[in-house]
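Provided below are the primary sequence and the corresponding predicted coordinates.
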Amino acid sequence: MKPAIHVRDLTKVFKVPERDAGLKAATLSLFKRKYKEVRAVDSIAFDIQPGEVVGFLGPNGAGKTTTLKMLAGLLYPTSGELDVLGYLPEKRQKDFLRQITLVMGQRSQLNWDIPAIDSFELNRAIYSIPRKQYEETRDELIELMLLGDLINKPVRNLSLGERMKVEAVGALLHRPQVLFLDEPTIGLDVTMQRRIRRFIQEYNARYNATVLLTSHYMADVQALCKRVIVIHHGKLLYDGGLAGLVERFSAMKTLSVTFSDMNGHAPDFSTFGTVISQEPNRVSLRVGKAETPNVTARMLADLPVTDLTVEDPPIEEVIEHVFEQPKEDDEKKETA
Amino acid sequence: MLARARDYADLYLVNAKTAIIGQFQYRLANLMFLVHLVIEPLIYLIVWTNVAEAQGGSVGGYTASTFAAYYIVWTLVRQFNLSLSPFSFEWRIKNGRLAGELLRPVHPIHYDLGFFLGIKVPYVVYWLPAGLILWLIFRPVIELTWWQVAAFPVALMLGFLVRFAMLWLLGLITFWTTRVSAIFDLFFTLELLLSGRLVPLELMPGWAQDIAAWLPFQWAFGFPIEVLIGRLAPDQIVRGFAIQVIWIAVSYTVIHLVWKRGIKHFTAVGG
C-alpha cells in the first residue's frame, strides 16, 4: 500500500538574524547584518500508512510544529522529499487542501462573533461540500462531540474546552483524509481531554483517516497511538511502538516487593537499589535495567518474599529521560 | 466552469450572510461607529458652510446647500467604501489566522471581499436614520436626473473595489516588514487630502487637482459623490467609470503578483 505520508531527508534551515548586545552592535547591524543558520528539522524520514494514528513527540523547540507545517504546506522545506496523499504539500493545490486539516490547539479558526453553526456553514461554502454530505457529516460530528446547544452560541461566549470542541468539528466537516493535530488538548481539563481523544478515535475508525498528532499529555498518546515518532533537536530519535520506546530509553525498572513478617529485622534495602518508598513489610526500589535479574534473584534467595513485581517506570519519566539527551554538537564541544 | 462560478457565488453569499450576522451582534459598537461617522463630515460641513456664508454665499461654485449635499452623500459613500484595514494583515499574520486561511482551498481575498460586501447591508441600514436627520437639518439641494441615479450605484461599487484593492495591496507589505504604521499613516493622510474626503477636489488648488488626477484616491471617494450631486456631465461620468475600471484592473494584477511573492516569503520563514 502506498503510504499516506512519505518523508525522506526532510530538512528545514531558518536564517535568524544575529546581533551582539549594545548600541554599537545595533548601529552596525543597520549596515551589515549577520545571520545564524538554525536547523529546525534535520534529515528526518518516516512513512505513515493510511489509517494510522501516530504520536509525534519531542520537547518544545524540537521541530514538531515545523515538521507539521511542512507536511501541511505552510512551510517550504529547505531540502528533502515530501509526499502527502500523492501531493507535494508546498504547492497547496486545492485538491490537496480539501483532503487535509491542521488543528492547532492554541489557534482559533472560527469567527468569534457568530455562532459556530454559522461558521460551519461558511466552511461548507469554502470547501464546496455538497449540501447533503455536509448536513450528514455535521450532524454526525455534532453528535460524536456532544455539542448539543453549544453550536448556537457565539463562539466568544464558549469556554476554552467548548471552543476546542467546536473548532475540531469545524476542522473536519470536509472529511479530511489526513489530520495534523498540534496539541489538540492543550489547556483542557481531564474530562474534556478524554472527549477530544474519543472523538479523534471515532473519526479515525469511521473514515480510516491518517492522524499525526503532537501532545504534551502522554495520556493522549497512550490512548490514541500505537506508534510514536520522537524528534529532538530536529533529528529523528525513535520511530516505533510505544512499548519499544520504554524498552529502549528507560535505563531503570521499578521493583515492588512484599514480604511475610520480618519481625522488625528489615535489611538495608539501599544495598539492592534506590528506595522509592518503604513500609514495614513492603518496599519499592528503582534498579538499573541490567541489574534487575541479579537483584531479583538475591531478594528471592535472601528474604521472605511473598510477592514481587517488576515494572517499567511511568511513560512520562521515560519521555523526560529521552528529552534530556544532549544534542550531538553539545557533546562534541564537551569532549573537545 | 459553471459549477465553479456557482461555488464562488455560494461562497460570497454565505460569507456576506456571516458578516451581517456578526455585525448585528454589537449594537453599542455600531452606534458609536455611527456617531463617529457623522461627526467627521459634520465638522467639514459646518466649517465650509461658514466659509461660504462669509464669502457672500458660495465658494468655488459651492453654496451652503451644495456643501450639505456633498457631505451627506459623503456619509453614504464612506459607509460603502469601508474596507479591510491594512493593519489587520499584521494581526492576521501574528495570531496565525493567515496560516489557517492559506490551508483552505480558496484565496483569502475572496473572504474579505465577500465579508465587506456583506457588511454594507447593516452599514447602509444604520446610515438611513443618520442620513435622514442630516437631510432634515441641513436641507441640501440636489437636482436629480435619471442618469445620475443610475450611475451612482455603479460609481459607488467600483469605488469600493478600488479602495478595497488599494488597502489590501498595502496590507501585503506586512509580509516583509511589520513596521508599517508610518507607510499606512502616509497613505491615509494622502487619501484624506487628495480623495475629496476633507474637501471637494474642485476647491483644491490646480496643482493639487493635477496630482490627484494621477492617483486612485478620488475614484473611491469624491467621484461617486460628484456623480450623485450633479457636478459631472454624462461624458465625465463615463470617463470616470473607465478610470475606475483601469485602477481596479491594475491593482488586482499587482495584488496577484505581490501575493505570490509574499506567500513565497511567508512560507520560507514560517507561518
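Looks like it arrived, so ask away. Numbering: from 1, shown residues only, chains lettered A, B, ... in the order given.

every contact and neighbour count from this point should use C-alpha atoms.
Noted.

tell me which residue in the stretch 51-200 of chain A sits closest to chain B.
Distances between the stretch 51-200 of chain A and chain B by CA to the nearest CA are smallest at A:L75, namely 4.3 Å.

doesn't that residue belong to a strand?
No. Counting by DSSP: H, G, I helix; E, B strand; the rest coil, A:L75 is not part of a strand but coil.

look up phi and psi at it.
Note on A:L75: its backbone torsions stand at phi -130, psi 140 [degrees, to the nearest 10].

now it: how far from B:L156?
Distance, A:L75 to B:L156, by CA to CA, to the nearest Å: 40 Å.

where does B:K260 fall, secondary structure wise?
Using DSSP states H and E, the element containing B:K260 is helix B:234-269.

same thing with A:L179?
A:L179 belongs to strand A:178-182 when assigned by DSSP H and E.

re earlier: if you count neighbours, what's buried in the helix holding B:K260?
Across helix B:234-269, burial judged by 16 or more other CA atoms under 10 Å in any protein chain shown covers B:237, B:240-241, B:243-245, B:247-248, B:251-252, B:255, B:258-259, B:262-269.

quick one on the thing from earlier: check which helices and strands the strand holding A:L179 sits against.
helix A:64-72, strand A:100-104, strand A:210-214 (3 or more CA pairs under 8 Å, 6 or more residues apart in numbering or on different chains; DSSP states H and E).

of these, flag the one that's most buried.
Stretch with highest mean neighbour count among the helices and strands packed on strand A:178-182: strand A:210-214 (a mean of 26; mean count of other CA atoms under 10 Å in any protein chain shown).

re earlier: could you check the angle the strand holding A:L179 makes with helix A:64-72?
Angle between the axes of strand A:178-182 and helix A:64-72 is 160 degrees (criterion: axes from the mean of the first three to the mean of the last three CA atoms, to 10 degrees).

residues in contact with strand A:178-182?
Strand A:178-182 is touched from outside by A:4, A:65, A:68, A:72, A:99-105, A:209-215, with contacts defined as CA atoms under 8 Å, 6 or more residues apart in numbering or on different chains.

which of the residues you listed are close to chain B?
Residues of the contacts of strand A:178-182 in contact with chain B (CA under 8 Å from any CA of the partner chain): A:A72, A:T101, A:L102.

who does the second one form a beta bridge with?
In this structure, A:T101 has the following beta-bridge partners (DSSP bridges): A:L179.

any idea which residue sits dead centre in chain B?
Closest residue to the average C-alpha location of chain B: B:N81 at 2.2 Å, with CA atoms, centre = their mean.

that one: what's it in contact with?
Counting by CA under 8 Å, 6+ apart, B:N81 makes contact with B:L156, B:G159, B:F160, B:L161, B:R163, B:F164, B:A220, B:F221.

mind checking how far the closest residue to the third one other than its chain neighbours is from B:R163?
What it means is B:F160. Once flanking residues are discounted, B:F160 sits nearest to B:N81: 4.4 Å by CA to CA, 6 or more residues apart in numbering or on different chains. Relative to B:R163, B:N81 is positioned 7 Å away (CA to CA).

shared neighbours, the two?
Common neighbours of B:N81 and B:R163 (criterion: CA under 8 Å, 6+ apart): B:A220.

got the residues of the stretch 1-150 of chain B near chain A?
For the stretch 1-150 of chain B, the residues in contact with chain A (CA under 8 Å from any CA) are B:7, B:10-11, B:14-15, B:18, B:21-22, B:25, B:95-97, B:99-100, B:102-106.

quick one, which of these are buried?
Buried members of those, counted by 16+ other CA under 10 Å: B:7, B:10-11, B:14-15, B:18, B:21-22, B:96-97, B:99-100, B:102-106.

what's in contact with stretch B:140-155?
For stretch B:140-155, contacts defined as CA under 8 Å, 6+ apart pick out B:64-69, B:223-225, B:227-230, B:234, B:237, B:241.

my guess is A:I142 meets A:V169, correct?
Yes. A:I142 is within contact range of A:V169, at 7.0 Å (criterion: CA atoms under 8 Å).

looking at these two, which is more packed in?
Just comparing A:I142 and A:V169: by other CA atoms under 10 Å in any protein chain shown the higher neighbour count belongs to A:V169, 24 against 18.

the more buried one sits in which helix or strand?
According to DSSP H and E, A:V169 maps onto helix A:160-172.

report the mean per-residue pLDDT for that helix.
Per-residue pLDDT over helix A:160-172 has a mean of 90.

export it to PDB, keeping only CA atoms.
Coordinates of each C-alpha in helix A:160-172 appear next as PDB, following Å, rounded to 0.1, in the frame of the first residue of the first chain:
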ATOM      1  CA  LEU A 160     -11.900  27.100  26.200                       C
ATOM      2  CA  GLY A 161     -12.900  23.400  26.200                       C
ATOM      3  CA  GLU A 162     -16.200  24.100  24.500                       C
ATOM      4  CA  ARG A 163     -14.400  26.200  21.900                       C
ATOM      5  CA  MET A 164     -11.900  23.400  21.200                       C
ATOM      6  CA  LYS A 165     -14.800  21.000  20.700                       C
ATOM      7  CA  VAL A 166     -16.400  23.200  18.100                       C
ATOM      8  CA  GLU A 167     -13.000  24.000  16.500                       C
ATOM      9  CA  ALA A 168     -12.500  20.300  16.000                       C
ATOM     10  CA  VAL A 169     -15.800  19.800  14.400                       C
ATOM     11  CA  GLY A 170     -15.300  22.800  12.100                       C
ATOM     12  CA  ALA A 171     -12.000  21.400  11.000                       C
ATOM     13  CA  LEU A 172     -13.400  18.000  10.000                       C
END
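
looks to me like A:I276 is in a strand.
Yes. A:I276 forms part of a strand when assessed by three-state DSSP.

what's near enough to touch it?
So A:I276 contacts A:V283, A:S284, A:L285, A:R286 (CA under 8 Å, 6+ apart).

tell me the helix or strand right after the helix or strand in which the last one is found.
If I follow you right, that is A:R286. A:R286 belongs to strand A:282-288 when assigned by DSSP H and E. The first helix or strand that comes after strand A:282-288 along the chain, using DSSP H and E, is helix A:292-302.

what's the angle from that next one to strand A:282-288?
150 degrees.

re the thing from before, and the helices and strands packed on strand A:178-182: which comes nearest B:I211?
helix A:64-72 (46.2 Å; CA to CA).

for the helix or strand just after the closest one, packing partners?
Following helix A:64-72 in sequence order, the next helix or strand is strand A:79-84 (DSSP H and E). Helices and strands touching strand A:79-84, by 3+ CA pairs under 8 Å, 6+ apart, are strand A:5-18.

so how far is the helix or strand that comes right after the strand it packs on off the chain centroid?
Scanning forward in sequence from strand A:5-18 by DSSP H and E, the next helix or strand is helix A:23-31. Mean-position distance between helix A:23-31 and its chain equals 41 Å (CA atoms, centre = their mean, to the nearest Å).

repeat for stretch B:143-152
Distance, centroid of stretch B:143-152 to centroid of chain: 20 Å (CA atoms, centre = their mean).
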